[in-house]
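**Q** Just the structure for this:
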Amino acid sequence: MDYTSSPDLKLSQDATIVLALARTSLPFAMSRTQEAERWLRVLRMHGHVGAALQSLGVPEGPLEGASDTRPARGRWEDGRRHDDTVARVCCRALDFASQSAAETVGTVHILFAVLATYGWTFDHELYRRGTCRAEVFAELAGEPVASVVDA
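**A** Predicted structure coming up:
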């Protein structure tokens, strides 16, 4: 899939970098949890989402410990491919951007696509690094956390 454009929307430079890094790092993940961790690592370094995560003090954190199991060569036992996961996240991000009438797809759209794809698994990775989706949303919106959490 060409991540640089769609018929109506283009990817921001940060979104393009995040998708490229995910495409490079996901094949080395040996579980869905490790995939979610890799998404968090690449999102933390780029765009509005990266700035929000860093502002919240989310550390980069080490990769999961070594395992005796070798990474799946581009395909999981259930037949899904890592490339398919990145393409699915990209398509969801394009949908979110289109629905919000955005001019470009940004890292915020990718974050929402990752949350939709990984759900509680990504939430757990946020928790492991000392935050939650409500805090990330509040930081992205520039609102006090209490008003979002208490709502």
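**Q** ranges for the helices of the protein?
**A** 13-25, 32-43, 47-55, 82-99, 107-118, 120-128, 133-141, 145-149 (DSSP state H).
**Q** could I get these as CSV with mean neighbour count and mean pLDDT?
**A** C-beta: built from backbone N, CA, C; applies to glycine. Converted to CSV, the helices of the chain look like this (neighbours: other CB atoms under 10 Å; pLDDT from 0 to 100):
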stretch, mean neighbour count, mean pLDDT
helix 13-25, 20, 96
helix 32-43, 22, 94
helix 47-55, 19, 95
helix 82-99, 19, 90
helix 107-118, 24, 97
helix 120-128, 17, 95
helix 133-141, 17, 95
helix 145-149, 13, 45
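**Q** Give me the nearest residue to A116, chain neighbours excluded.
**A** R92 (5.6 Å; CB to CB, 6 or more residues apart in numbering).
**Q** contacting residues for that neighbour?
**A** When contacts are counted by CB atoms under 8 Å, 6 or more residues apart in numbering, R92 touches F112, A113, A116, T117.
**Q** can I assume the first one is in contact with A93?
**A** Translated: F112. Yes. Judged on CB atoms under 8 Å, F112 makes contact with A93 at a distance of 7.2 Å.
**Q** Distance from stretch 20-27 to the middle of the chain?
**A** 11 Å (CA atoms, centre = their mean, to the nearest Å).
**Q** do the same with stretch 18-25
**A** The answer for stretch 18-25 is 10 Å, by CA atoms, centre = their mean.
**Q** Please apply the same query to stretch 43-50.
**A** The answer for stretch 43-50 is 9 Å, by CA atoms, centre = their mean.
**Q** G57 - how many residues pack around it?
**A** 9 (other CB atoms under 10 Å).
**Q** Give me the nearest residue to it, chain neighbours excluded.
**A** Closest to G57 by CB to CB, 6+ apart is G130, at 6.6 Å.
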